Structure formats: structure tokens, C-alpha cells
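S.K.: Structure, please.
(chains A and B)
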Amino acid sequence: MMKIQPRFKNDIVIFDIEGEIKRSDITDVTLHQLVKEQLDSGRRKILLNFDRVEFIDSFGVGEILASYISTHNLGGKLKLVRISKKLYLIFQVTMLTKVLDIFEDEEAAMKSFF
Amino acid sequence: MARSRRRPFLSRVVEFKPGERAVACFFFIYFFLITAPYYVIKPIRNQSYLDQLGDERLPLAYFLTAVLMGFIVSFHSRLQVLLSRKILIVSSLLLFFLNICLFWWLFQQKWSWVPVGFWVWANIFAVVLVTQFWMLVNDVFNPREAKRLIGFIGSGGQLGAILGSLLVGSLARTKAFGVLLLIAAVILSIAVLAVLRIFNLQKKGQLAEEVEERWQKERPGPTPKVGFRDALETTRKSVYLKLLAGIMLVTLIVSTLIDWQFNSVVDNRVAGGSSLASFFGYFNAGAMAFAFLFQLFLTSPIIRRFGIRMTLLFYPVILLFCAAGIGTIAYASILPAILIKASDKSLAYSLNQSVRELLYIPISPEQKFKSKIFIDMFVNRFAKGLGAVLLWLLLASFPKTTAIRAISLAVIGFIAIWIYLNLRGSREYANLVKEKLELKWERGDKLVAEKMDVDFTRLVFDTVESKNRSSVLYAMHLFDMIKQDKLTPEVKKLISYKEDEVRVSSLGTLIEQAEIGLGPASQDELSEDVLKKEVAEIMALDVYQEVVKSHIEKTLEDRSEASTIARMEAAKAIGLMDSRAPAAEKLADLLEDDSVEVSRYAMESAGRLKRKEDIPSLISKLKNPVLREDASNALVRFGPIITGTLTDYLADQTEDPEVRRAVPGILARIGTQEAADFLSWELGGAESELAAAIIDALEKIRTEDPHVRFSPSMIKARIFTEVKSLCQNLLGAPEQEARREKKDADSEEKRRAELTWNIFKLLGLIYPQQDMVKAYQNLKTGTKDSVAYALELLDNVLEKDIREAIFPVVEDVPTEERVRRCRALLDSLSGGKRRE
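M.R.: Sure, this is the predicted structure:
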């Protein structure tokens, strides 16, 4: 079961995601909805932390991309940190590493917003 | 003056090549000098036997000859191993010379057994000397040379037979009858000089070097002994040799039966003693005169015109008609007996002998050496023996008056078998000639195609190359390999720089840690199947398409060199998507990219997605030599659906010539019957460069798929066009040589080589391709023998109109002759005779 917990540092929203993001485990509130809520509340800097994510399927990638588009359309920035090697590999093959900003550690990701 | 007058006559009848004239003339003399004495001996043999023992005892003579010949065959084969060809032949001639003198003395003694002994000895004389003669002919000449010269050389034998027979016919009733045998001995002794001259010519180098080599190879020494069993085994193991043996067996059974019919009628109708000898002499002279004229003027033209297969049927079919006539209408009268015997004798010594010797030529020297002993000497005698037994049986079963008719019916039955064996033998002959030709080299393009998968090699190369340029491109390439199930352990090792880089089978481990710079490695691995599924699903997402399309658009805004890799990545990524994906629309822009590398990746993706809208762009790339190969590869991937479009471009004369020339190669790789049909159609009006490309393409289709059929009329029409061009080129060659314009001459030589190769490629479309390639290669680089076998193959395989068009341009003839033939051919081709 996926758990998403928002944290706030300065004007950046950090979503700590835990568990698996997949089609079969759709929760009441999706990642995209949570991001949109933050965007609606005026926040434009969003960091998705995947440190505790065990698995993401194409549905999960779709959530990330939908969040990216929403953020981008509003002039915001959405970045990813500590994604697994497997996901990074999938992002490479699909060229998403060229679209998404991906970081190894949170500090570097935070700095990149400024 | 006398010499200059003689040359044109001989040249009209015989086509001599440089260095052949003297050897051929001495073979003519040699044959003359062994047959003339035999035809002195033969009537005396018949007369003495019939006078002493009568026609009823003839089967005994046939049988004794057959039995004793077995021993002679065995003895002769041992001598062949022990003695050199020269010593064997010369000593045989001298021995027979002494034998004739001995028999002359024995006849003076009036002993009753002498005619029996003389009959048997006379047959041994004929078989041994004639066999040795043809062995030497086979040693010296290859099939083409033999086919040309055999008529002339063989006619020496007929002339000798006529002279010998006339000697007996005219002198038998005079006092000289007693010394006829001594005259034969003197003539035979001169044959020794002719044989020595032939061997001397070899030493003086007037024979081709390869003849010398052939003699050296076959000369006894280390050669193992050949016994009867060995000779029998050699024949037994080969279908072809068995057929030759069968033909010989049936021919001689028929001949024996006819011989008895003739001798029986003559013995009863002609007075004995010198009159009988005189009759046989004149009969032989008449039959041999006919055979001589037939041999001199008709044998070679018939063989050349009708080929071995049809020529082999002439002899039995004529005898069949004669035998049917005797058996049904006029048996036991002298005229039909003379007619059938004369037909048998004249055709046996002209057409049949020449064709039979030709049939031995494609056999290897070792097989020939062994089988000829068995067939020519043992089977020959065995057939006579079998004929004798049959005669005995028929004579014992029927009264003498009806026996001739019964024998005629038996002759008809054997001729039917003979015709069947001839047909099978001629088919095997053509197969053997094909086998004689070796493939001189493998085609480079074919070898490459067989040994490696070019597309896959390119993918590996691109993968390795992308490793240092972009981790995204690298990952995409690796994924591409996984998608195609080609990321084998060997390929992983090949792609890795360091051995320890390849650790496990998952793709993830191939991504370098430093390059990725991520956190702790995941415990579980990503299986290749999951990876394929996930990537496909992600790429199908609308959000993905929206994000990536937007990214590509941004990438395309910057066409600088610095962003080349980004555009390459975009082009590669599109190739991994579905053809209906929105981002795939951007492929059109990427195809037009200035960067060759981007364009290459885009073309590869276009080939995968097979979007109709990308076809014009891909075809336009064919103009560019740098992009042509990739554009072709991409177009090939569209498969048969693109055939019609490509043909439209090919047929459009306003289209860029480079594009038109590239199209046949693509159609060839598509390789369908439809592609072949379109290409054949376009071949008709194509100018030379385009035609060359189409011919290459058609040849490729033929090589890849032997089931594809080509229109013979269209292909033949093009063959005649190419032959015409080659003729025109050849006619221009002497002028260039005269002007000493080396550069022009070289380029024209190259053009001639191209035209010749085109002709053979076209031939390979409507005849067995491998045979045509062999013929071409052997003609181009082969030895004298290879060239001869190649021409022999073409002679046997090609239809008459094609053969007549091809030979003037491929045969090795003196320049003057070639010019004459080319002019004649051009006249004929321009006359529209060959328009299909």
C-alpha cells in the first residue's frame, strides 16, 4: 500500500512516498491529486522523494508525468530524488531522464530549485 | 605455294587453333596407318574363316574372340601400368607387325586351325590398337578441342579403311593376294613413325603445357596397378560408366547379330576364295568411303548442331528402320543385308565412334583409365560373346531360312534398349560436365550476407559507439537488443569495455554506476520481460506522449551541433514507439535534419514504424551517397507493400538517376515474385547503368529465392541487347589498340568485363544459376581445360538462339575470326530475328 506524506522546507513541498505505486493498489488519493492540491494552494516547487519506494509500474510513471505536466503548465518545477536504479533505467530507455530532473540526494535537489 | 593452297582447304573443313594443326595431322596419319592394315586383314579373316568353316561356325569365332579378349584386356591393363604411354603404343605396333609376318607364314602352311586363330588375333589387333589410339587422343585434347577435331582425326581412320579395303578388293584376284598381309605389315610399321612424331611434338613444346602436365600425371610409376576387378569396380560405382558399358554392350550385340546376317547371306551368294575376299574388300571400301565422307563433312556439324543427346540417337534409329525392313519385308536377300551392314559399319566408324569418344571426356583421367580398359576391351568382347550365344540359341531354335527374320526381331528389341540407354547416358553426360566445373570463388556479398546479420552488427556498433556519447542512447540501444532478443552473453561481453562489467543477465547491471550516480542498488533485478512490458506501457501513455512530444519540439528548435545527441536520442526513441504515437509525427522533421547521424537514426526509426508519410522523404535520401544505404535499409523494412511505389520511381524517367539506380537494390532485398516481375519489365527499356543495377537486383533475387520465376522472353531480349553492346565494344577494340590509347582501352576492357558478367547473370535467371556462375568463372580465370568445359556446359545447356548469340563473344578465337563473328551476329541481331 502506497503512503504519501508531504513535508515543507521553505517554499518547497517534499512528498515522501513509501511502498508501491501501481495500478492494482490505487488509493483514495493519488500522487497527482496530492500534487495538484499543492499547486492549487499556490506552491510551485515540488520534490518527489522515492527513497522508500519499492516498485513503480507504468501507472506510477503516468502519475509522475501527469504531476510534472500540471506543475510545468503552472510555471512550477517538479523534481525527483533517490529513484531506484530500475526506474532510472526505464526513464533512460523512455528518454524521461531528459525531461525530468532527477537527483541522488535531497540536498542537491533542494539547492537546484534556487 | 602448295602449302598455302592446302591450308585454306583444311581450314574450311577443320577449325585449328594455334599449335594444333601438326598434332591433329599426325593423329590423322596415325589412325590412317592402323586402320589401313586392319582393313587388309579383315576381308582375309572373313574369307579364310567362311571358306574353311562356313557361316554356321561363325558364332564359335565370336565366342572364342570374346573369351580370349578377357585375357588380353587383363594383360593390356597391366602393361598400361608398367609401361609409359609411348613405349606401350610403339611396342604394341611392333608386336602386331611381327604377328602379321608370322600369320603370312602360317597361311603358307595351310593348317586348318590358322583361320580360327587369325580371326581371333585380327579382332585383338583392332581392339588394342584402336583403343590405344583413342586413349592418346583423350590425353592430348580437351572436350572442346576434341569436338572440333574429332571429325578430322576420325576421318583418317576411314581413309585408311578405304585404302586397305580397296587394296584387298583390287589385289585379291591377282597374284598379289599372297602378299597382302605383308603389305599390311609394312603400312603398320610406318604408324610407329607417326606416333613418335606426336610424342616429339610434345617435347618440342608444340603442344600446350597442360597436355604435358596431363601426360605426366597419367604416366605410370606411382600409379597403383589396375586389375580387372578394379576396372570393374570403377565402372560399377558410376551410374554414367555403367550406362556407357550398357550402351557398348547393346551396340555390339546388335552389331554381332547384323554381322552374322550379312556373312551368312554373302557366304551363300558369293563364290569363295579370292572372290569372297575381293567382295569383302570392295564392300568395306564402299562402306568406309561413305563413313569417311560422313565423318569428314557431317559428323562435326551434326554434333555441333544437334548436340550429344540427339546425335546419339541417329545411329540406332537408322539401324532400327533397316532392321524393321529386313525383318518384315525382304529377309535373306543380299541387298537388304548389304544395306543394314553398310549402315552399321559406316555409322559405327563415323558418327558413333566420335560421339562415344566424346562421352569419355568428362570422366576423370583415373576413371577413364580404368573404365576404358573395362568397357572398350572387356565389355566389347563380352558383348560379342553374348551375341554369339544368342546367335547359337536362335540358330538352334529356328530353321536357317527363318532365323534371319527372328534375328532381325531380336535386333529391333536390342535397339529399343539402346535408344533408352543413349537418352539416359546423354543426360548424365551433361551432369558430369557441370561437375567438372569448379566454383572459382565465392561471391563476396553472398558470403557477407551468409556469415553475418548486417542490421544486427550495426546495432552492436551503434550501441558501443553511443556508450561514450549518451547514457540515454546507450540504454535505448541495449533495450532495442533486448526487444529483438539479441542481447546474448556474447554480445554483452562484446559491448563491455571491462570484463567485470558484465555480471548478471539484467540490463540494469550494464548501466555504469558512476554514470548514473544513484543511491543504493536495488536488491531485486529487473527482468527483461518486465522491462519490455513497462517501457511499452509507458510509451503508450498519453501523458508520456505529451511530455516527450513537447521535449522533442524543444529539441528541434535548437539545430546546433551541440544538440545533435539530443536529436539523435529523440530519433531513436520514436523508433521504439508505436507508429500511431503523436510523438512519431516529429520523425518527418528529424528525417530532414542536417546532421547525418540524426538522419540515420531517424531513417532507422522510419523503417521500423513504416509510416506511409515518411516514404517520399526516405526515397529522396537515395540521392545522397552518404545516406543511401540507411535509406535503403529503411525502405526494405516496409516490405512488399512498397513494391509498387518503388517501381513508379524506377519507371519515372524524370526522377533523379541516382534514385532510380538505387531502387532495384531495394526491390531485390524485398525479393518477391512481384518485385522480380517489375524489375524484369523495366529491364527492357533501361539504359546501360540502370540495366546493370536491375540485372544485379534480379540476380540477387534469384540467389536468395530459387522459386522466383523470370520471364524468359524479357530476359532473353536483354541478353541480346547486352550481347549487341559487347559485340560493338569488341569491334571497337582493335582500333583502340591500334591507336595505343591505353586509358580508353582499359576502360573499354572494363566495360567488356561488365557486359560479359551481365550476360551470365541474366543467363543464370533462366538457366541453372550455379552452372552459369561456374561457366563464367571458369571462362574468366580458368585454365584451357576449364574454359573448354565451361563452353561444353553452355553448349549442352543453352537453347540454340542463345547459344548462337553467346558463343561468338565468349569463345576464345583469333581477333579476325571474332570480328567476323561479331559482325555477323550484329547483322543478325539488328535484323530483328531475335526480338522476343
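
S.K.: Let me know the average pLDDT across the longest helix along chain A.
M.R.: As assigned by DSSP state H, the longest helix anywhere in chain A is helix A:58-73. When pLDDT is averaged along helix A:58-73, the result is 93.

S.K.: mind listing what's buried in it?
M.R.: Along helix A:58-73, these residues count as buried under the neighbour rule (16 or more other CB atoms under 10 Å in any protein chain shown): A:58-71. (Glycine included, C-beta is placed from N, CA and C.)

S.K.: can you tell me how far residue B:645 sits from chain A?
M.R.: In this structure, residue B:645 and chain A are 31 Å apart, going by CB to the nearest CB, to the nearest Å.

S.K.: contacting residues for the residue lying closest to residue A:93 once chain neighbours are set aside?
M.R.: Leaving aside its sequence neighbours, residue A:93 sits nearest to residue B:479 (CB to CB, 6 or more residues apart in numbering or on different chains; 4.4 Å). Taking CB atoms under 8 Å, 6 or more residues apart in numbering or on different chains, we find residue B:479 in contact with A:93, B:507, B:531, B:532, B:535, B:576.

S.K.: Most neighbours among those, please name it.
M.R.: The most crowded member of the contacts of residue B:479 is residue A:93, carrying 27 neighbours; neighbours defined as other CB atoms under 10 Å in any protein chain shown.

S.K.: Can you name the residues that contact it?
M.R.: Residues touching residue A:93, when contacts are defined by CB under 8 Å, 6+ apart, comprise B:475, B:476, B:479, B:531, B:535, B:576.

S.K.: what's the answer for residue B:240, then?
M.R.: When contacts are counted by CB under 8 Å, 6+ apart, residue B:240 is found next to B:363, B:425, B:428, B:429, B:431, B:432.

S.K.: now swap in residue B:577 and tell me
M.R.: B:539, B:583, B:584, B:609.

S.K.: Repeat that for residue B:235.
M.R.: With contact set as CB under 8 Å, 6+ apart, residue B:235 has these partners: B:241, B:242, B:245, B:370, B:371, B:374, B:375.

S.K.: ok, which stretches of chain A are strands?
M.R.: A:3-9, A:12-21, A:45-56, A:77-81, A:101-103 (DSSP state E).

S.K.: who in the stretch 551-700 of chain B is up against chain A?
M.R.: Applying the criterion CB under 8 Å from any CB of the partner chain, the portion of the stretch 551-700 of chain B that neighbours chain A consists of B:551, B:566, B:569, B:570, B:573, B:576.

S.K.: Tell me which two in the residues you listed are the farthest apart.
M.R.: Looking at those by CB to CB, the two members farthest from one another are B:566 and B:576, with 16.0 Å of separation.

S.K.: per-residue pLDDT, residue B:107?
M.R.: Per-residue confidence at residue B:107 stands at 84 (pLDDT).

S.K.: can you check the one 10 residues further on too?
M.R.: Residue-level confidence at residue B:117 comes out at 90, pLDDT.

S.K.: same check, this time on residue B:557
M.R.: Per-residue confidence for residue B:557 comes out at a pLDDT of 88.

S.K.: Count the residues that sit near it.
M.R.: Around residue B:557 there are 8 other residues, counting by other CB under 10 Å.

S.K.: for residue B:820, same thing?
M.R.: The burial count assigned to residue B:820 is 13, neighbours taken as other CB under 10 Å.

S.K.: and the buried residues of helix A:58-73 near chain B, which?
M.R.: Among the buried residues of helix A:58-73, chain B is touched by A:58, A:61, A:62, A:65, A:66, A:68, A:69 when using CB under 8 Å from any CB.
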